[in-house]
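[1] attaching a predicted model along with its sequence, questions to come.
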There are 2 protein chains.
Amino acid sequence: MNKELNERCRLILEAIIEDYIMSGEPVGSRALTRRHNIALSPATVRNVMADLEEMGFLTSPHTSAGRVPTEKGYRFYLDSLLQVKQLSLGKRQSIQEHYKHRGLRMEELLREAGRILSATSNYTGVVMVPHLTTTICRRIDFVRLSARRILVVFVSQSGIVEHKLIESDLPLTESELQEATNYLSQTFSGLSIQEIKQYIVSQMAEEKAMYDSILRRTLQLSSMALEDDLGGQVFIEGACNILDQPEFNDLNRMKRLMRTFDQKNLLVELLHKSQLTEGVQIYIGSPDHYSDIEGCSLVAASFTSRWGATGTLGIIGPTRMPYSTVIPLVDFTAGLVGSILDIDEE
Amino acid sequence: MNKELNERCRLILEAIIEDYIMSGEPVGSRALTRRHNIALSPATVRNVMADLEEMGFLTSPHTSAGRVPTEKGYRFYLDSLLQVKQLSLGKRQSIQEHYKHRGLRMEELLREAGRILSATSNYTGVVMVPHLTTTICRRIDFVRLSARRILVVFVSQSGIVEHKLIESDLPLTESELQEATNYLSQTFSGLSIQEIKQYIVSQMAEEKAMYDSILRRTLQLSSMALEDDLGGQVFIEGACNILDQPEFNDLNRMKRLMRTFDQKNLLVELLHKSQLTEGVQIYIGSPDHYSDIEGCSLVAASFTSRWGATGTLGIIGPTRMPYSTVIPLVDFTAGLVGSILDIDEE
DNA sequence: GTTAGCACTCAATAAGCAAGAGTGCTAACG
DNA sequence: CGTTAGCACTCTTGCTTATTGAGTGCTAAC
């Protein structure tokens, strides 16, 4: 069916979607012919519109309103019609400026990326620091808070720092911990967390007999330290930006979106998904698919440093978003963040 | 003038405010006499109300609506009328439950406190980790990311972990860093950051002559590490809870509040203020004072561990909030968090 | 296949109206 | 003199009713 869309249909569909993206109002046949000097009469356009509606690309809020793109309409637009512009040199430079002259901490760096996305697009920026399982370990440190409470500080190869508290069944002295720290740094530096876990399991099997050996306790400690996944945070920046969009004059939709931001799990899920794929991904909220962000879309891309996937970032805005500028913005920012992580690594 | 408020006026003012807190609607004379079996006729109540309005405790949205408390009204209510209940045993226990069986990281612990405040009150919970200048240093670690890029990991006596990136003018080897780390841990452990800074300044004066000594470079490094204040984060939990309040059917007010949450600086300011004072502080948003949170109040208290002030937490809700339960909730949670920090410390 | 014309639909806006809640004032009461 | 009943007045709220205007779908003519 889609293949049957002839040139004229495609042209009109594109015009409608772009008009709608600009105005946010249902677009009618008459207005359309005037704005995009189309050499057709409104009546003809109406016929085409009726066809497009039947095919599921358009819908009308009520009988006597114009047409609005459906999710399917947007999808087709994104896949077949949209021409992504290049990000203007000025914007690229201004974004790069943000990162100059800064000794940012990793967390701040990612937050800043979110802020840039938000400020440049006037929508909401999201950044996810991934779970660390796949990342490479640069260093593991133990800090003794009390005899049984140990703080684990984990530094990944790309400079992301995470820490967690663990509780040991046996009391540990400062020197025991020091020894464990040294052992770990030497043994595990340069491995990924998954590899470390495997190594620990095999070692512990060997050491089974030796009940109270230092090594055994060190291994136990490390095992606990790596037990739950570290990381997986999501930063949301500029959540309120999106509220200025006219579609959020609807109080309830607005509340639901805020709730989604608050809970974050949907975002984590989506960002995780796009982590697995190359390039820019677009998720369109709809009553069926991602009802929590109905009326909104997420444009996401993962950024990677030389050491493997390290995170995902994106923009959440209304579905009627100027994708032709937002997509390259997300793309560029992801690349930039990736390259900055590389610099950090040496 | 305030002193002239006789028993009857106080009683009626209290009744009005409590009614308003319950209903959110302007309260009229007739409804008042019925709900709080007051042995007065509506007409008399009206006279009293007129007096209270003239004195600035009440106002009416329009001629034929009931009365609504002003900021001054709330203040008087909070200072002179309100009787704070004790937090019910059940609630106290359920809050304590949240903290059992958990090896929480410091950050998670504070976030969780915010979540508890939010969930128990159905409003928005805020928690501020303070700047670290006053806190005691347990450990400073350097992690070498590249020759010039150093990650500083700072662990406070109470287990708060902070890290930042610094850029050194001279390349540093792994072993140099190791030496610096050892030196610092031995020299500075147990001092507050302020003390450390002072010590460094005095030492650097002495070492002025020795241009390239290890000690000098160590000191330089430490100085950079402590340069800007670390910390000062604010966690906001349950921001969307507050949106269910009827006063936020006003879209603009809602947007402004969300913007305030996004930017955080007003919150930082207020939370900082209450850090300096004992006990529970209440800030009432009004067009004059804190116009960004107009219609809202912040109920805040600082939590302290044995090692000195460590942070502030609180609840942001509509000004018409059931203070008699919110205040003890904030108070109790602040105490609990403080005591948990103590446990962490040994 | 395209277009002009026309009747029809429906949301949005405004206007008018009645109901209800609450006030302020005045005059009477104990 | 404080308190109360009565009453006219005000102002919101909800409801109904026109009116307008944008846009459609259909039909018939080009």
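    Nice, thanks for sending it over. Predicted, not measured: the structure shown is a model, and the values here were computed from it.
[2] contacts, neighbours, all on C-alpha from now
    OK.
[3] DNA strand D contacts on chain A?
    Residues of chain A found near DNA strand D (C-alpha under 7 Å from any atom of the strand) are A:26-31, A:43, A:46-47, A:49-50, A:63-67.
[4] out of the residues you listed, who's the most crowded?
    If you count neighbours using other C-alpha atoms under 10 Å in any protein chain shown, the busiest of these is A:R67, which has 26 neighbours.
[5] that one touches A:E54, doesn't it?
    No: A:R67 is beyond contact range of A:E54, at 11.9 Å (criterion: C-alpha atoms under 8 Å).
[6] give me the neighbour count for the nearest residue to A:N241 once chain neighbours are set aside.
    Once flanking residues are discounted, A:N241 sits nearest to A:Y123: 5.3 Å by C-alpha to C-alpha, 6 or more residues apart in numbering or on different chains. If you count neighbours by other C-alpha under 10 Å, A:Y123 ends up with 25.
[7] likewise for the one 3 residues further on?
    One way to gauge burial is a neighbour count; for A:V126, by other C-alpha under 10 Å, it gives 30.
[8] where does A:N37 land in three-state SS?
    coil (DSSP: H, G, I helix; E, B strand; the rest coil).
[9] can you give me the pLDDT of it?
    On the pLDDT scale, A:N37 is placed at 82.
[10] for it, phi and psi?
    Backbone dihedrals for A:N37, given as degrees, to the nearest 10, come out at phi -30, psi 80.
[11] ditto for A:M128
    Main-chain dihedrals, A:M128, degrees, to the nearest 10: phi -120, psi 130.
[12] isn't it up against A:F303?
    No: between A:M128 and A:F303 there is no contact under C-alpha under 8 Å: 10.0 Å.
[13] shared neighbours, those two?
    Taking C-alpha atoms under 8 Å, 6 or more residues apart in numbering or on different chains as the contact rule, A:M128 and A:F303 both touch A:311-313.
[14] show me the domain layout of chain A.
    For chain A, the structural domains run A:2-81, A:89-130+A:233-345, A:133-226, going by automatic domain parsing.
[15] show me which residues of the stretch 1-150 of chain A sit near DNA strand C.
    The stretch 1-150 of chain A has residues A:39-41, A:43-44, A:47, A:62-64 near DNA strand C, with proximity defined as C-alpha under 7 Å from any atom of the strand.
[16] now do 6 Å
    With C-alpha under 6 Å from any atom of the strand as the criterion, the stretch 1-150 of chain A meets DNA strand C at residues A:40-41, A:43-44, A:62-64.
[17] still on that earlier bit, got the contact list for the residue nearest to A:N241?
    Listed by C-alpha under 8 Å, 6+ apart, the contact partners of A:Y123 are A:117, A:238-239, A:241-242, A:315-317.
[18] now with 7 Å?
    The neighbourhood of A:Y123, defined by C-alpha atoms under 7 Å, 6 or more residues apart in numbering or on different chains, consists of A:238, A:241-242, A:315-317.
[19] can you flag the buried ones in those?
    Neighbour-count burial (16 or more other C-alpha atoms under 10 Å in any protein chain shown) is assigned, among the contacts of A:Y123, to A:238, A:241-242, A:315-317.
[20] surely A:V280 is in contact with A:A301?
    Yes: look at A:V280 against A:A301 with C-alpha atoms under 7 Å: they come within range, at 4.6 Å.
[21] among those two, which residue is more densely surrounded?
    Between A:V280 and A:A301, counting by other C-alpha under 10 Å, A:A301 is the more crowded of the two (29 against 18).
[22] pLDDT on stretch A:293-310, on average?
    Average pLDDT, stretch A:293-310: 86.
[23] what's around A:A113, how many residues?
    Neighbour tally, A:A113, other C-alpha under 10 Å: 27.
[24] surely A:P69 and A:S60 touch.
    No: the pair A:P69 / A:S60 is not scored as a contact, 8.5 Å apart, by C-alpha under 7 Å.
[25] the two: which is more packed in?
    Neighbour count, other C-alpha under 10 Å: between A:P69 and A:S60, A:P69 has more, with 27 against 16.
[26] which residues touch the more buried one?
    Applying C-alpha under 7 Å, 6+ apart, we find A:P69 in contact with A:17, A:57-59.
[27] and it, bridged to which residues?
    Residues in a beta bridge with A:P69, per DSSP bridges, are A:L58.
[28] ok, back up a step: in a markdown table, list the contacts of A:P69 along with neighbour count.
    As requested, those are exported to a markdown table (neighbours: other C-alpha atoms under 10 Å in any protein chain shown):
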| residue | neighbour count |
| --- | --- |
| A:I17 | 23 |
| A:F57 | 22 |
| A:L58 | 23 |
| A:T59 | 22 |
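[29] now the strands for the stretch 151-300 of chain A?
    Under the criterion DSSP state E, counting those that start in this stretch, the stretch 151-300 of chain A contains strands at A:161-167, A:234-237, A:281-284, A:296-305.
[30] gap between the longest helix along chain A and the chain center?
    The single longest helix within chain A, with elements called by DSSP state H, is helix A:323-345. Relative to its chain's centre, helix A:323-345 lies at 12 Å (C-alpha atoms, centre = their mean, to the nearest Å).
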